[in-house]
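**Q** mind folding the following:
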Amino acid sequence: MKILIVHIHIKPEYIEEFITATTANASNSALEPGIARFDFFQQEDDPTRFVLVEVYRDEEATIKHKETAHYHAWREAVVEMMAEPRYGIKYENVFPNDTGW
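**A** This next block holds a predicted model:
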């Protein structure tokens, strides 16, 4: 498994619009065969901060995801909404080894 945790800070006036765009992207991403999980979180004490947790079955799935129409549409739609550039941190799954995802 390949895990990517993406941190996103949005301008306050775009919160609802960002949630709509990102929910559409997450819903489509979750249908990709190479994605085991695709979670979308909003920070409780600062609603302008969000996290995406993307769990891919392998490296090839990470590449294929970035080639999808829904990813490109999302990226274009939200770029101006961001208060600062988003950033992702890559992780490898340690435990459990067989998640059933």
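**Q** let's check: the centremost residue of the protein is which one?
**A** Leu52 (3.6 Å; C-alpha atoms, centre = their mean).
**Q** ok, that residue - contacts?
**A** By C-beta atoms under 8 Å, 6 or more residues apart in numbering, the residues touching Leu52 are 4-6, 8, 22, 26, 38-41. Heads up, the C-betas are built off the backbone N, CA and C, glycines and all.
**Q** drop anything exposed from these.
**A** 4-5, 8, 22, 26, 38, 40 (16 or more other C-beta atoms under 10 Å).
**Q** and Ile19, which helix or strand is it part of?
**A** Assigned by DSSP states H and E, Ile19 belongs to helix 15-29.
**Q** what's the answer for Ala77, then?
**A** Using DSSP H and E, Ala77 falls within helix 69-78.
**Q** for that helix, packing partners?
**A** Secondary-structure packing of helix 69-78 (3 or more C-beta pairs under 8 Å, 6 or more residues apart in numbering; DSSP states H and E): helix 15-29.
**Q** from the chain's centroid, how far away is the helix it packs on?
**A** How far helix 15-29 lies from its chain's middle: 9 Å, per C-alpha atoms, centre = their mean, to the nearest Å.
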